[in-house]
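**Student:** fold the stuff below for me.
(4 chains)
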Number of protein chains: 2
Amino acid sequence: MSRASDRAYNLIRSMILSGELQPGSQIREEALAELCGVSRTPVRDSLRRLEAEMFIRRNDSKRSFVAAWSLDDLEDAFHLRAMLESHAAKRAATRITRDQLARMRFQNAQLKQAVDAIHPDVPRFIDHNRQFHAILLKAAASERLTSMLSQVTEQPVVLRTARQYDLENLRRSHHEHEELLIAFENRDGDWAAAVMTAHIRRAFHAYAEAHSSYTEIGKSNLAA
Amino acid sequence: MSRASDRAYNLIRSMILSGELQPGSQIREEALAELCGVSRTPVRDSLRRLEAEMFIRRNDSKRSFVAAWSLDDLEDAFHLRAMLESHAAKRAATRITRDQLARMRFQNAQLKQAVDAIHPDVPRFIDHNRQFHAILLKAAASERLTSMLSQVTEQPVVLRTARQYDLENLRRSHHEHEELLIAFENRDGDWAAAVMTAHIRRAFHAYAEAHSSYTEIGKSNLAA
DNA sequence: GTGCAGCTTATTGTATACAAATGCCATTCG
DNA sequence: CGAATGGCATTTGTATACAATAAGCTGCAC
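**Tutor:** Sure, this is the predicted structure:
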């Protein structure tokens, strides 16, 4: 995308993810345009994209609102992601190149370092994790799959408990990745798919756990 | 969508599906704008939507082209569709209401009539078939799933052999639908999912068959 | 007080003009 | 003769003005 349109998209998206734009709140094109320092044209463009990615919903009279997802909706997204990403793992198992495998190993080593360090660096973990999955997706060699997965992978972040799950869970991710790589070395698609399904399901429960405790904190605050 | 934007979207989409806009050919916004009798603004809107639906591709310099899918790409789409739609069937099995089930039965009876008539009406079959699957998807109650499936269901039509597959295959669809309904009556999600996977896979091979013969006719024409 | 009509205002949709980027072709230089 | 470069043409991106539509409000009737 071009400069103005890109800026608007990234800015609006990050405002949704950070919670700056609250779920359920209405979105006005002109207000965002001013915020982004561009005209309504690129903003509209961005809103359409975000709508396709289900970050934004529109009512019958075309007004836009920040999507508000329940925990059930989130589980739904995780189910779909598990299905699609395990399919990707299966495809990748028989298509991955030596080079890609090496790069996945590298990313996995890096993300281990990020959490095993004296001062764990979660954002760094997340970045290497993202790259790990990106290489896998590339190896799966299905544009459609890539396009669909992009619709369900970033979604959970909206609950903002994303980065709160504990280091133990992140270390488990590392080990699951290791197992995945061994399945790849053995070109065992079924194994790879099973590991991936388990990987995503565990991630969901980690999120759900973090979310429920977050919710309870909220509740206790109200009660106090 | 609003009138102008809607018109542009439907027109461009149907021109792609009908082959009027040939796969691989470049698309110019202004030309389409004239064709649709609207300005470039709603055309751009439509192009973005069609791009998200992968009917249109854009190169690095933002020029748009009609997507050209290979048979492999198509099989990929069918694989994804089988996966997603069987998941939908599984969910629907335990959620579907009496009313929805009755409506699915009705649609299936109608599509049987369409192909069993003395003068078979394939477009009518296709319409009832579409509604049958739409009710199922509604019963599955997952917006995300619905949104994703819309990306892979209409795709095959681009090969334009869509309506050419024989009546025998359409009758098989009817019978598979019948079995699906029985699985629903028994609230057996696994059964429903299995029937659906088989249903979609068979549909793919019917398409592939029709396509290969079509291709061969094309080849023999060139050879002649 | 309730509900509806009509007006006012807020918000989105469309057209158009202009800016920016890219591709294309011809020309020139090695 | 081939490759690089410059400028022109084509195409897309952005801003802005205006049109259309929907929401909200005010006041009136019952």
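**Student:** use CA for all of it now, contacts and neighbours both
**Tutor:** Noted.
**Student:** ignoring the adjacent residues along the chain, who's closest to residue A:148?
**Tutor:** Nearest non-adjacent residue to residue A:148, counting by Cα to Cα, 6 or more residues apart in numbering or on different chains: residue B:148, 6.9 Å away.
**Student:** that neighbour contacts residue A:147, doesn't it?
**Tutor:** No: judged on Cα atoms under 8 Å, residue B:148 makes no contact with residue A:147 at a distance of 9.8 Å.
**Student:** for the strand or helix carrying the residue nearest to residue A:148, what does the pLDDT average out to?
**Tutor:** Assigning secondary structure by DSSP states H and E places residue B:148 in helix B:143-153. Regarding helix B:143-153, the rounded mean pLDDT is 94.
**Student:** which strands or helices does that helix pack on?
**Tutor:** Contact here means 3 or more Cα pairs under 8 Å, 6 or more residues apart in numbering or on different chains; DSSP states H and E; on that basis helix B:143-153 packs against helix A:71-95, helix B:71-95.
**Student:** export these to CSV and tack on mean neighbour count and mean pLDDT?
**Tutor:** As requested, the helices and strands packed on helix B:143-153 are arranged in CSV below (neighbours: other Cα atoms under 10 Å in any protein chain shown; pLDDT from 0 to 100):
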stretch, mean neighbour count, mean pLDDT
helix A:71-95, 21, 96
helix B:71-95, 22, 96
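**Student:** switch those helices over to CSV; also include distance to DNA strand C.
**Tutor:** Formatted as CSV, the helices and strands packed on helix B:143-153 follow (distance: least, Cα to the nearest atom of the strand, whole Å):
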stretch, distance to DNA strand C
helix A:71-95, 24
helix B:71-95, 25
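**Student:** could the ones you listed go into CSV alongside distance to residue A:129?
**Tutor:** Converted to CSV, the helices and strands packed on helix B:143-153 look like this (distance: least, Cα to Cα, whole Å):
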stretch, distance to residue A:129
helix A:71-95, 14
helix B:71-95, 25
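**Student:** closest to residue A:175 out of the ones you listed?
**Tutor:** Proximity to residue A:175 (Cα to Cα) singles out helix A:71-95 among those, at 15.9 Å.
**Student:** re earlier: next SSE after the helix holding residue B:148?
**Tutor:** helix B:167-185.
**Student:** got a list of what the nearest residue to residue A:36 once chain neighbours are set aside touches?
**Tutor:** Leaving aside its chain neighbours, residue A:36 sits nearest to residue A:8 (5.7 Å; criterion: Cα to Cα, 6+ apart). The neighbourhood of residue A:8, defined by Cα atoms under 8 Å, 6 or more residues apart in numbering or on different chains, consists of A:33, A:36, A:38, A:42, A:43, A:46.
**Student:** and for residue A:27?
**Tutor:** Per Cα under 8 Å, 6+ apart, neighbours of residue A:27: A:63, A:64, A:65, A:66.
**Student:** and the gap between it and residue A:4?
**Tutor:** In this view, residue A:27 and residue A:4 are 19 Å apart by Cα to Cα, to the nearest Å.
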